[in-house]
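Asker: Sequence first, predicted coordinates after that:
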Amino acid sequence: MGKIDLKKEFKHLYQPSAKEVVLVEVPTFNFLMVEGEGDPNSSQAYQEAVEALFSVSYTAKFMVKKGAPDLDYAVMPLEGLWWADDMSSFAAGEKSRWKWTMMIMQPPSAGSEVIEAAMAEAGKKKDLPAISRLRLEAFCEGRCAQVMHIGPFSQEGPTIQRVHEFIAARTGLTGKHHEIYLSDIRRTDPEKWKTIIRHPML
């Protein structure tokens, strides 16, 4: 058995076109999640949350593979749900007031027992302040509109507007602004960053 890659299995959800906004139905998936608030560019809590998510996700992957050598899978990309108590501050880009749920999808083979063991193991190997706040939870987004944004996060505004206009022409917005980060921003030119912009609709 080759490596399982859920991004390819659910290509319509994780490889959308950048040319047009599309309607998708997102089923229930299990995610390792953590909440927080503050500017993602400067918040220590944000950096700690992301580090804990990836540390536990990779530890779980290696635990699954150790127990079943034929069962290997690719760790999924980081995703984020974003909002603010006053959504005008979110729209205005007042990032210090932003709230977020950062998350990484987990395959069926990485269930609650595996994740609990992975959290314990990762916590032994490294100081991960956010690890105690992680949780595994089923998340169902349902009917959404999405599109690929190519470029730096600071230029997402027009792309987000396209998604909102697509939804407004059909039903209405619901839920939280959702981003899926497909690029390693440490190694990729910002002009080539790929981010899926998704938003649930009524």
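Answerer: Looks like it came in fine.
Asker: ok, what's across the strand from the spatially most central residue of the chain?
Answerer: Centroid-nearest residue in the chain: residue 79, 0.9 Å away (criterion: Cα atoms, centre = their mean). With DSSP bridges applied, residue 79 shows beta-bridge pairing to residue 103, residue 180.
Asker: Next one: the nearest residue to residue 82 once chain neighbours are set aside relative to residue 142, how far apart?
Answerer: Excluding the flanking residues, the one nearest residue 82 by Cβ to Cβ, 6 or more residues apart in numbering is residue 177, at 4.6 Å. For every residue, glycine as well, the C-beta is placed using N, CA and C. Relative to residue 142, residue 177 is positioned 15 Å away (Cβ to Cβ, to the nearest Å).
Asker: ditto for residue 14
Answerer: Taken as Cβ to Cβ, the span from residue 14 to residue 142 is 17 Å.
Asker: between those two, which one's more packed in?
Answerer: Per other Cβ atoms under 10 Å, whichever of residue 14 and residue 142 has more neighbours is residue 14, with 20 against 14.
Asker: how about the strands of the protein, start to end?
Answerer: 22-37, 78-83, 99-106, 135-150, 177-181, 194-200 (DSSP state E).
Asker: Tell me who's in contact with residue 38.
Answerer: Residues in contact with residue 38 (Cβ atoms under 8 Å, 6 or more residues apart in numbering) are 45, 46, 95, 96, 98.
Asker: Just give the number of residues close to residue 45.
Answerer: Using other Cβ under 10 Å, residue 45 has 17 other residues around it.
Asker: my read: it touches residue 130, true?
Answerer: Yes: using Cβ atoms under 8 Å, residue 45 is in contact with residue 130, at 7.1 Å.
Asker: residues shared between the contacts of those two?
Answerer: Common neighbours of residue 45 and residue 130, counting by Cβ under 8 Å, 6+ apart, are residue 36.
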